[in-house]
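Visitor: Any chance you could fold what I've pasted below:
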Amino acid sequence: MDGAETGTSSDVVAHPGQGAEYADVVVIGAGHNGLVAANLLADAGWDVLVLEAAPEPGGAVRSAEITEAGFVNDLASAFYPLGAASPVLRELDLGAHGLRWRHAPAVLAHVTPDDRSVVLHRDVERTAARLDAFAPGDGRTWSAMAREWSRIGPDLLETVLRPFPPVRAGARLTRTLGVADGMRLARTLMQPVRAFAEERFGGDGARLLLFGNALHTDLGPDIAGSAAFGWLLSMLGQDVGFPVPEGGAGMITAALMDRLVHRGGRVSCGRGVREVLVRGGRAVGVRDEQGGPITARRAVLAAVAAPVLYRDLVGEEHLPPRFVTDLDRFSWDFSTVKLDWALSGPIPWTAGEVAGAGTVHLGADLDGMRRYTADLGAGRVPEDRFLLLGQMTTADPTRSPPGTESAWAYTHIPRGLGWTRDEVLGYARRIEDTVERNAPGFRDLIRARAVSGPADLQARDPSLVDGAIGGGTQAVHQQLFFRPVPGLGRADTPVDRLFLAGASAHPGGAVHGGPGANAARAALAADGITGGLYRGLVRRLHRRIYADGPDDGRR
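Guide: Below is the predicted model:
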């Protein structure tokens with residue numbers, strides 16, 4: 001699975017000597033959230049140093065030729081509806097630093113095991129016409145839903161992605177909706193996607209799109225809150241599509257790197273962090289893996305998984321006991337098995353309309369998707385393998401030679417299986433069986449493949465713990481002020497001047513930059529003119545939230 005990296009920056013600082021080192025802020029991790037935070041702090045004039053354990057920046061937003069020379073494969077994340085719509089990334093103007101979005105002819109297709117298919121197009125009338133073929137009237141309902149998204153979508157994204165509580169964006173959204181419609185939207189966001197879809201649509205077409213988009217998270221169709229994700233991704237697909245960066249996912253990282261370096265930021269790769277240095281309850285710097293201390297004059301930001309930060313880098317002795325107990329209850333999302341392929345031609349779908357879609361859902365119908373998530377929740381390897389598949393050359397012709405296709409697929413398995421390499425390869429063959437069922441002759445097109453099990457994904461990016469790609473479950477019990485544990489829902493931690501900037505923090509996973517931006521804003525607030533008042537308020541609230549409670553038998 002080795003290959004030459006593509007779409008990364010060469011502006012990386014070499015490993016420095018062991019002399020005294022200083023920066024205004026040390027950012028741990030050069031994934032997209034860490035780089036977003038670093039850019040915002042550099043914009044504010046801070047001296048920024050980013051430390052990354054891997055040989056190159058990007059984390060889960062990287063691309064490489066891991067199958068065959070000339071075929072660019074995205075190593076983890078691949079398509080970016082939230083990235084294209086994110087106000088955080090838009091404000092960074094990454095287009096000025098080389099980022100170009102490309103679109104497939106169709107946004108998304110869902111094909112069932114019996115070869116029924118439905119396609120989402122950015123043209124709402126084309127989508128509606130296809131849905132009417134499943135049930136007359138569903139197209140009209142879908143079009144109305146798209147119009148409602150146009151009315152509230154921008155303010156909703158601001159509300160979701162900005163620091164909690166989202167006062168300004170929330171107030172605008174409330175004014176737009178009014179009390180009655182606001183209550184109904186809140187109900188919608190809390191619904192299981194099955195209930196949401198069945199209330200509105202009579203046919204399977206719209207239901208397949210909504211169910212499948214909800215399964216981009218770890219939430220099944222019958223789980224509360226899954227409607228929020230099924231609806232959100234469906235409407236983003238209708239609005240901005242599921243675009244991909246021209247040249248590979250790594251071009252997002254390259255644009256962030258280019259912007260940061262031009263603003264004086266420094267990134268040191270191949271240099272992991274051993275611990276966060278805490279003195280008197282305050283983060284004062286870090287120690288790298290070689291033992292060298294780096295003083296952080298203003299803040300430390302950590303774009304790593306919450307359990308890794310608090311247990312491995314900070315240490316439980318610096319944390320309130322009740323916070324540590326809450327951390328014991330942190331819930332991960334499921335593990336992942338991913339395949340990347342170099343194909344000698346386009347995938348030969350028997351449902352022809354699927355060929356033009358950049359993203360494809362397959363392997364399960366409505367009942368199959370329910371069984372899939374029920375099996376995962378019960379710790380069983382699913383018999384119905386719901387796959388997300390990307391036809392990357394279809395979306396971006398630069399990804400492979402003319403006439404070929406760079407493609408990938410992934411599915412989830414229960415956590416903690418500890419599979420051997422042979423077991424992962426065996427499951428990979430079953431994934432290819434699933435594709436072959438809807439595309440006979442697919443296997444004959446495979447020139448090369450790369451198979452990544454949970455351990456491989458974690459080795460590639462330590463934040464993908466046991467192949468969890470969401471930074472923790474997206475269930476309602478771990479969202480907003482419950483993420484990563486019950487608290488303020490903000491980037492501030494119980495350690496003064498230490499901020500959580502990764503997907504374990506609100507607003508969670510996906511490539512939108514929200515956690516990184518929120519951490520940067522919290523650091524700026526803590527260091528501003530009223531920073532003393534801000535930090536004092538945060539400390540008081542944390543003392544109340546994490547004060548010793550009743551003994552629940554856990555400790």
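Visitor: Where does pLDDT dip in the stretch 401-550 of the chain?
Guide: 549-550 (pLDDT under 70).
Visitor: try 90
Guide: 480-481, 547-550 (pLDDT under 90).
Visitor: got the residue ranges for the strands in it?
Guide: Ranges of strands within the stretch 401-550 of the chain are 405-413, 446-452, 498-500, based on DSSP state E, counting those that start in this stretch.
Visitor: And for the stretch 201-350 of the chain?
Guide: According to DSSP E, counting those that start in this stretch, the strands that the stretch 201-350 of the chain contains are 244-245, 266-269, 273-279, 282-288, 293-302, 335-343.
Visitor: Of all these, which one comes closest to Arg543?
Guide: Arg543 lies closest to strand 282-288 among those, at 15.2 Å (C-beta to C-beta). C-beta: built from backbone N, CA, C; applies to glycine.
Visitor: got the phi/psi numbers for Gln391?
Guide: When quoted as degrees, to the nearest 10, the phi and psi of Gln391 stand at phi -100, psi 90.
Visitor: Test my guess that it contacts Ala409.
Guide: No: the criterion here is C-beta atoms under 8 Å, and Gln391 misses it with Ala409 at 10.1 Å.
Visitor: which of those two has more neighbours?
Guide: Shown here are Gln391 and Ala409; by other C-beta atoms under 10 Å, Gln391 has more neighbours (26 against 22).
Visitor: hmm, back to that, tell me the most buried of the strands of the stretch 201-350 of the chain?
Guide: With neighbours taken as mean count of other C-beta atoms under 10 Å, the strands of the stretch 201-350 of the chain reach their highest mean count in strand 244-245, at a mean of 30.
Visitor: So which elements touch it?
Guide: If contacts are counted by 3 or more C-beta pairs under 8 Å, 6 or more residues apart in numbering; DSSP states H and E, strand 244-245 sits against strand 101-102.
Visitor: partner strands of the strand it packs on, parallel or antiparallel?
Guide: Strand 101-102 pairs in its sheet with strand 244-245 (antiparallel), by DSSP bridges.
Visitor: got a list of contacts for the partner strand?
Guide: By C-beta atoms under 8 Å, 6 or more residues apart in numbering, the residues outside strand 244-245 that reach it are 7, 74, 78-80, 99-103, 251-252, 358, 390, 392, 395-396.
Visitor: Please indicate which of these are buried?
Guide: Among the contacts of strand 244-245, the ones that count as buried by 16 or more other C-beta atoms under 10 Å are 7, 74, 78-80, 99, 101-103, 251-252, 358, 390, 392, 395-396.
Visitor: Among those residues, which lie within helices?
Guide: Judged by DSSP state H, the buried ones among the contacts of strand 244-245 include 251-252, 392, 395 as members of helices.
Visitor: quick one: which of those is nearest to Ile529?
Guide: Comparing these against Ile529 with C-beta to C-beta places Ile252 closest, at 34.1 Å.
Visitor: do you know how far that closest one is from Asn33?
Guide: Taking C-beta to C-beta, to the nearest Å as the measure, Ile252 falls 12 Å from Asn33.
Visitor: which stretches of this protein have low pLDDT?
Guide: Residues of the chain that meet the cut-off, pLDDT under 90, sit at 1-20, 162-179, 181-182, 383-384, 480-481, 547-555.
Visitor: Mind splitting it into its structural domains?
Guide: Domain assignment of the chain by automatic domain parsing yields the ranges 5-75+249-330+471-545, 123-239.
Visitor: Nearest to Ala364, out of those domains?
Guide: Ala364 sits nearest to domain 123-239 of all those, at 8.6 Å, using C-beta to C-beta.
Visitor: quick check, distance from the closest one to the centre of its chain.
Guide: Centroid separation for domain 123-239 versus its chain: 19 Å, with C-alpha atoms, centre = their mean, to the nearest Å.
Visitor: Next, the contact list for Ala30, please.
Guide: So Ala30 contacts 50-52, 54, 57-59, 253, 267, 269, 303 (C-beta under 8 Å, 6+ apart).
Visitor: Those into a markdown table, with extra columns for distance to Tyr546?
Guide: Shown next, in a markdown table, are the contacts of Ala30 (distance: C-beta to C-beta, whole Å):
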| residue | distance to Tyr546 |
| --- | --- |
| Val50 | 30 |
| Leu51 | 28 |
| Glu52 | 31 |
| Ala54 | 33 |
| Pro57 | 34 |
| Gly58 | 34 |
| Gly59 | 29 |
| Thr253 | 36 |
| Val267 | 34 |
| Cys269 | 35 |
| Ala303 | 23 |
